[in-house]
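**Student:** need coordinates for the below:
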Amino acid sequence: MDRGKPGSRMHVLSDANGLPLLVGVSAGNTHDSEGLKPMVVGHQTSDPDRGRRSKPERLHADNAYNRPDLRKW
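**Tutor:** Prediction:
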């Protein structure tokens, strides 16, 4: 964590081609991993066949997101 870091941190969720799908902003002193759940929840898609919303099937992220609790989620 960058304690006391001023400014803001950008979180970007993109597709496999690099097209931005969702952009979020948080305080500069928050850890990257804190932005994962809000980004994924914000991008859940509707599945008309199942009648419910679903998470993406696969995510690729840097090592900041490699935490056991996030992997289980």
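**Student:** may I see the buried residues of the longest helix along the chain?
**Tutor:** Secondary structure of the chain per DSSP state H: the longest helix is helix 36-42. Taking 16 or more other C-beta atoms under 10 Å as the neighbour-count basis, helix 36-42 is seen to contain the buried residues 36, 39-40. All C-beta atoms are positioned from the backbone trio N, CA, C, and that covers glycine.
**Student:** quick one: list the elements packing against that helix.
**Tutor:** When contacts are defined as 3 or more C-beta pairs under 8 Å, 6 or more residues apart in numbering; DSSP states H and E, helix 36-42 packs onto strand 8-14, strand 20-27.
**Student:** quick one, grab the pLDDT at the residue nearest the centre of the chain.
**Tutor:** A centroid search over the chain (C-alpha atoms, centre = their mean) returns Leu36, at 2.9 Å, as the residue closest to the centre. With respect to pLDDT, Leu36 scores 80.
**Student:** can you check Val25 too?
**Tutor:** We have a pLDDT of 85 for Val25.
**Student:** gap between it and Met39?
**Tutor:** In this structure, Val25 and Met39 are separated by 11 Å, where distance is defined by C-beta to C-beta, to the nearest Å.
**Student:** now list whatever residues contact both of those two.
**Tutor:** Jointly contacting Val25 and Met39 under the rule C-beta atoms under 8 Å, 6 or more residues apart in numbering are His11.
**Student:** quick one, what contacts the residue nearest to the centre of the chain?
**Tutor:** With C-beta under 8 Å, 6+ apart as the criterion, the residues that contact Leu36 are 11, 61, 65, 70.
**Student:** of the buried residues of helix 36-42, just say which sits nearest to Gly7.
**Tutor:** Using C-beta to C-beta, Met39 is the member of the buried residues of helix 36-42 that sits closest to Gly7, with 19.0 Å.
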